[in-house]
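[1] Sharing a sequence plus its predicted fold:
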Amino acid sequence: MPKFRIYPSIGIARMGNGPAEKDQVVFSPEVPWANLYETDNEYLTERGELKKQAQRFYIYECDDEGKPTRQIREDEFDIEWRVEVANKKPFWYDFNNSLDLSMLAKNRNVSPTFVSEKLAPGVSAKRRNPNVLDQSLRATHGYDYRKELVNHPDAATVNIFHKRKVFHGEFPSKRGGAFSQLAKSLNTDSKQVDLGTVEYDKGTLIFYPADGISASLNPSDLNTDFADNSNWYDDICDGRVMARICHRDSGEVYDLTDKESSAWVASAPPDYAPQIQPISTMFDLVTGAADDEYQMELALVFPMMYRLYRMQWVNLGDFLAPSFKVTIDELIHHGNFKYIYFKGNTEEERKKADGIRQKIFDKFRDPIYHYDNEPIIPSKDNTNLKNRTSGKEKLKLPFYPGDGIDYPGSPAQWFAIPPILYEQLRRWKDGDFYSPPSFKFKDMDEMGKFYQEQFKKCSEDERKKPLLMTRAVLETLYGGGFHSGVELTWPMRHNKIYAQNKLTYKHIVEGEMTIGAFGLREVRLNAADLHEQDDIFFNDYGLLMTPDDIKKSMGDDEKYNWLWKITPGDLTKWMGIPWQSDAGSCQAVFVEKQYPVPSWWAANLPVYVLNEDAYEQLKHPDILDETKLFIYANRLPWLHTTDTGFIGYHAEGGYMNGLINMVYKWKNIGVVTGRKLEPKVPGIPETVYVAFEGKSNKP
C-alpha cells in the first residue's frame with residue numbers, strides 16, 4: 001500500500017472574481033457541517049467581489065494498510081507539488097441526458113426501473129463544435145483540428161523556492177506551435193484562458209480556481225443553450241495533483257503520482273449558499289456505488305431529512321406548505337418531534353411513533369417509481385402548460401426535477417432520493433434503527449448541532465481527519481438528479497470511475513455515542529497511469545456517442561474501458577459550456593399545478609431567498625413584530641438580487657436573455673449566508689440565512 005497519500009483525494013475549487021490570495025478567499029470545508037450555523041462569514045471582499053473558494057491539499061504518511069496516520073511537515077521533507085489540469089468541454093459531446101439511464105447499474109444509485117420500464121432512455125450525443133473536424137478521417141495525414149479544442153496548459157510545479165504558478169492556458173490551443181491552426185482558419189487569434197493558480201504554503205498546496213470568465217471566439221455569437229454552445233470557452237478545469245517528497249535525513253524520495261497516492265482537483269461554479277447542503281450529496285452517491293452493508297442507525301437517515309428541512313432558506317417550495325419543513329413544524333407544535341428519534345416505551349407511544357414515521361415516509365418519492373401521475377413538466381419544445389388528464393396527484397418529496405426531465409409524462413421527470421437513501425428511510429419507518437437513549441432534542445436545529453459536534457470531534461483524530469476532508473468536500477456537491485448537474489455529473493455514480501472506494505472507518509465517533517453516518521471512506525479516482533495518459537487523452541467516440549458505447553465501456557473488455565481511466569479535463573468535460581448557462585438556467589419549474597412550485601439546484605444555486613433589504617427591515621426597532629412576519633415570509637427570486645432577468649426551465653419566456661446576462665452578472669448575484677437576528681422576533685429563528693449581493697461593479 002502507498003506509504004504516503006495526498007488529501008483530500010478529491011478537491012473542489014469554486015469560481016469567484018476576487019483575487020487569488022489566501023487572505024482574500026474562502027477555503028473548501030475540511031470538516032462536514034462545521035460552517036452550518038456560523039453567522040459572521042464574509043463571502044465578498046471589501047470591494048464587493050465574490051471570493052474564490054480555494055482548495056488546500058496535504059500529504060499524510062500512511063500505515064501498511066494505506067490508512068493515513070499523520071501529516072508530514074516541511075522541516076522533515078523537501079516537498080515539491082506538481083499539478084496538471086485541462087478543460088475538454090469544447091472537445092466533448094453535447095449533453096442531452098445521462099447516458100447511463102439505458103444501462104442496468106450494479107449499484108444503489110440508479111433505480112433498475114429506469115431500464116426495465118424505459119422511463120427515460122439515454123439519448124445519443126453529437127460532438128460539440130461539430131464543424132471542427134479531424135481531417136485524418138477524410139485524408140491521409142490530415143490535421144486533427146479537434147485537439148486544439150482542449151485547453152491543456154503545461155503542468156505547474158511549486159516548492160519552497162518557487163512558490164506560485166499560474167496555469168496560462170489558451171483557446172484554441174496552439175499545441176506547442178507558433179499559432180493555432182484552428183484560429184487561423186477562423187481568421188482570429190487564440191485567446192488567453194488561464195485555468196487557475198497553485199501556491200506552495202508551508203508544505204501544503206493551495207489550488208485557486210480561475211476568474212470565471214467565459215466568452216465566444218466570435219463576439220457576435222450568443223449562448224442560447226443551457227449546456228451546449230459551440231464556439232464558446234470557459235475557465236473550468238480539472239486534473240491531477242501530484243507530489244515528490246524527499247526525506248531530509250535519509251534522502252529517500254517518494255513520487256506520489258499513481259492513482260493510489262495522487263489526488264484530483266476540479267473547479268466548479270460558485271456555491272451561492274455555502275451553508276445549505278444538497279439533499280442528496282456526492283458522498284451519498286460514492287457510498288451507493290460500493291456494496292458495503294450498514295447497521296441501521298438514525299444517523300443514516302437524519303442528515304438527508306435535515307438537509308431537506310434547511311432547503312427552506314433557498315427555495316419557496318420548501319418554505320411554505322406542504323413542504324417537509326411544515327411537516328416538522330407540526331410535529332414540534334404538537335409536542336411530537338421526539339418521535340423522529342424515539343421509538344416509544346409504552347404501546348401507545350410506539351403506535352404514535354410508528355404512525356408519524358409512516359406519514360413522513362409516505363411523502364417521499366419511491367426511486368422504483370411505482371406511480372406515474374405526478375404533474376408533468378412541459379417539454380422545452382412546447383410551452384403549453386396544460387397537460388389534461390394527467391398529473392392530478394400531489395407532488396411527492398422532494399420537489400425537484402430528476403434525470404428524465406425531457407420525457408413529459410415519465411415519472412422520472414421528478415427526482416427521487418437514491419435507492420441507498422430510500423432504503424435507510426424505509427428501515428427508519430419500520431423502526432429498524434438505533435438512536436442513543438440520551439437523545440433529547442426539541443427541534444431539527446438542536447439535533448443538527450449535535451451531529452455537527454460529532455463531526456468536529458472526529459476531526460480531532462489525526463488518523464480520521466484526512467478522510468473527513470474528502471467527505472467534507474463531497475458533501476458540498478450535488479448527488480443527483482443529473483441534467484446535467486452543476487458541478488460533477490452522472491459518471492460519478494458508478495464504481496468504475498474509482499480506483500478505490502473503500503469503507504475505512506465504519507464510525508465517525510466511537511464509544512457510548514457510536515455514530516456511523518456512512519462512516520469514512522478512502523476514495524481515489526481511477527486516474528490513468530502517466531504512461532497511459534498520452535494514448536487516451538484525446539479519445540472519443542467519433543461523430544456520435546451512444547448509450548451502447550457507455551454499456552460497452554462498463555463491460556469487461558479492456559479496449560472499451562478507457563472512458564473510466566481519468567485524465568485531466570475528464571471530470572468536467574461532461575458539464576455545460578459556458579458554465580454560467582448551466583449554473584443559471586435552472587430555477588423555478590412551472591407546471592400546470594400552481595403550488596408548490598418545484599425548482600432545481602437550490603442548495604448551491606438558490607431560487608427564492610430572504611434578501612438583504614428584508615433582513616435590515618427585520619432588525620428595525622420601529623416595525624411591529626406582526627409586520628415583520630410578513631416581511632420574513634416575502635421571499636424574492638434569487639436572480640433579482642441583480643438584474644439578470646428571469647431564468648428558469650428551458651420553456652419559459654426570457655430564458656435566452658437570462659442566459660446571456662448570466663455570463664456577465666454571475667459575480668453580482670446574492671450569496672446566502674447566516675446572520676443573527678437582533679432584536680429577536682417571535683416566530684422567526686434567531687439565525688436567518690440572507691442573500692447578500694456582490695457589488696464588484698462599484699469603483
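    Now that the structure is in, tell me what you want to look at.
[2] Any figure for the gap between Glu117 and Ser180?
    Separation of Glu117 from Ser180 (Cβ to Cβ, to the nearest Å) stands at 48 Å. C-betas here are computed from N, CA, C, even on glycine.
[3] Also Asp535?
    The gap separating Asp535 from Ser180 is 24 Å, by Cβ to Cβ.
[4] Can you pick out the residue with more neighbours from those two?
    Ser180 (21 against 13; other Cβ atoms under 10 Å).
[5] State the pLDDT value of that one.
    Looking at Ser180, its pLDDT stands at 95.
[6] ok, it to Gly569 distance?
    18 Å.
[7] how many neighbours does Ile368 have?
    16.
[8] so what pLDDT did it get?
    At Ile368, the model reports a pLDDT of 92.
[9] does it really touch Ser116, like I thought?
    No: look at Ile368 against Ser116 with Cβ atoms under 8 Å: they stay out of range, at 9.8 Å.
[10] show me where the stretch 101-250 of the chain has helices.
    Assigned by DSSP state H, counting those that start in this stretch, the stretch 101-250 of the chain shows helices spanning 113-116, 181-185.
[11] Can you give me the buried ones in the one helix or strand Lys351 maps to?
    Following DSSP states H and E, one finds Lys351 within helix 347-362. When neighbours are counted by 16 or more other Cβ atoms under 10 Å, the buried residues of helix 347-362 are found to be Ala353, Asp354, Ile356, Arg357, Ile360, Phe361.
[12] elements contacting it?
    Applying 3 or more Cβ pairs under 8 Å, 6 or more residues apart in numbering; DSSP states H and E, one finds that helix 347-362 makes contact with helix 324-333, helix 419-429.
[13] and with 6 Å instead?
    Helices and strands touching helix 347-362, by 3 or more Cβ pairs under 6 Å, 6 or more residues apart in numbering; DSSP states H and E, are helix 419-429.
[14] helices or strands next to the helix it packs on in the packing?
    helix 347-362.
[15] roughly how far is the helix it packs on from the heart of the chain?
    34 Å (Cα atoms, centre = their mean, to the nearest Å).
[16] Then stretch 145-157?
    Distance, stretch centre to chain centre, for stretch 145-157: 25 Å (Cα atoms, centre = their mean).
[17] tell me which residues of it are tucked away?
    Across stretch 145-157, burial judged by 16+ other Cβ under 10 Å covers Tyr145, Arg146, Lys147, Glu148, Leu149, Val150, Asn151, His152, Pro153, Ala155, Ala156, Thr157.
[18] Can you lay out the residues you listed as JSON lines showing pLDDT?
    Shown next, in JSON lines, are these (pLDDT from 0 to 100):
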{"residue": "Tyr145", "pLDDT": "96"}
{"residue": "Arg146", "pLDDT": "97"}
{"residue": "Lys147", "pLDDT": "97"}
{"residue": "Glu148", "pLDDT": "98"}
{"residue": "Leu149", "pLDDT": "98"}
{"residue": "Val150", "pLDDT": "98"}
{"residue": "Asn151", "pLDDT": "98"}
{"residue": "His152", "pLDDT": "98"}
{"residue": "Pro153", "pLDDT": "98"}
{"residue": "Ala155", "pLDDT": "98"}
{"residue": "Ala156", "pLDDT": "98"}
{"residue": "Thr157", "pLDDT": "98"}
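[19] what about the nearest residue to Asn634 once chain neighbours are set aside, which SS state?
    Once flanking residues are discounted, Asn634 sits nearest to Ala614: 6.6 Å by Cβ to Cβ, 6 or more residues apart in numbering. Following DSSP: H, G, I helix; E, B strand; the rest coil, the label given to Ala614 is helix.
[20] Please report how far Ala614 lies from Arg56.
    35 Å.
[21] and what of Asp461?
    Distance from Asp461 to Arg56, by Cβ to Cβ: 19 Å.
[22] Neighbour count: these two, which is higher?
    Arg56 (19 against 15).
[23] got the phi/psi numbers for that one?
    Main-chain dihedrals, Arg56, degrees, to the nearest 10: phi -100, psi 140.
[24] how about it, what does it touch?
    Applying Cβ atoms under 6 Å, 6 or more residues apart in numbering, we find Arg56 in contact with Phe27, Thr204, Ile206.
[25] In strands, which of the buried residues of stretch 145-157 appear?
    Ala156, Thr157 (DSSP state E).
[26] okay, the buried residues of stretch 145-157 in TSV with distance to Asn107 next?
    Putting the buried residues of stretch 145-157 into TSV (distance: Cβ to Cβ, whole Å) gives the following:
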residue	distance to Asn107
Tyr145	38
Arg146	33
Lys147	34
Glu148	37
Leu149	32
Val150	30
Asn151	32
His152	32
Pro153	35
Ala155	33
Ala156	35
Thr157	37
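[27] my guess is Ile368 meets Thr113, correct?
    Yes: between Ile368 and Thr113 there is a contact at 5.3 Å, judged by Cβ atoms under 6 Å.
[28] lowest-pLDDT helix or strand in this protein?
    Taking mean pLDDT, DSSP states H and E as the measure, the chain has helix 655-665 as its least confident helix or strand, at a mean of 81.
[29] Now the element after it, going C-ward?
    Defined by DSSP H and E, the subsequent element after helix 655-665 is strand 671-676.
[30] tell me which residues of that next one are tucked away?
    So for strand 671-676, counting by 16+ other Cβ under 10 Å, buried means Val671, Val672, Thr673, Gly674, Arg675.
[31] gap between it and the chain center?
    So, by Cα atoms, centre = their mean, the centroid of strand 671-676 is 20 Å from its chain's centroid.
[32] And for stretch 564-572?
    Distance of stretch 564-572 from the chain centroid (Cα atoms, centre = their mean) equals 17 Å.
[33] what's the answer for stretch 606-614, then?
    22 Å.
[34] cool, stretch 71-80 as well?
    32 Å.
[35] quick one: average pLDDT of it?
    97.
[36] Which residues are in contact with the residue nearest to Val607 when sequence neighbours are not counted?
    Once flanking residues are discounted, Val607 sits nearest to Ser599: 4.1 Å by Cβ to Cβ, 6+ apart. The contact partners of Ser599, taken as Cβ under 6 Å, 6+ apart, are Asn315, Ala588, Val589, Val607.
[37] quick one: low-confidence parts of the stretch 1-150 of the chain?
    Across the stretch 1-150 of the chain, the ranges flagged by pLDDT under 70 are 1.
[38] Equivalent analysis for the chain, please.
    1, 372, 380-392, 594, 641, 643-655, 695-699.
[39] Next, the residue most central in space within the chain: phi, psi?
    With distances taken as Cα atoms, centre = their mean, Leu477 lies nearest the centre of the chain, 2.3 Å away. In terms of degrees, to the nearest 10, the main-chain angles of Leu477 are phi -100, psi 140.
[40] If we ignore the residues flanking it in sequence, what's nearest Val241?
    Nearest non-adjacent residue to Val241 (Cβ to Cβ, 6+ apart): Ala263, at 4.2 Å.
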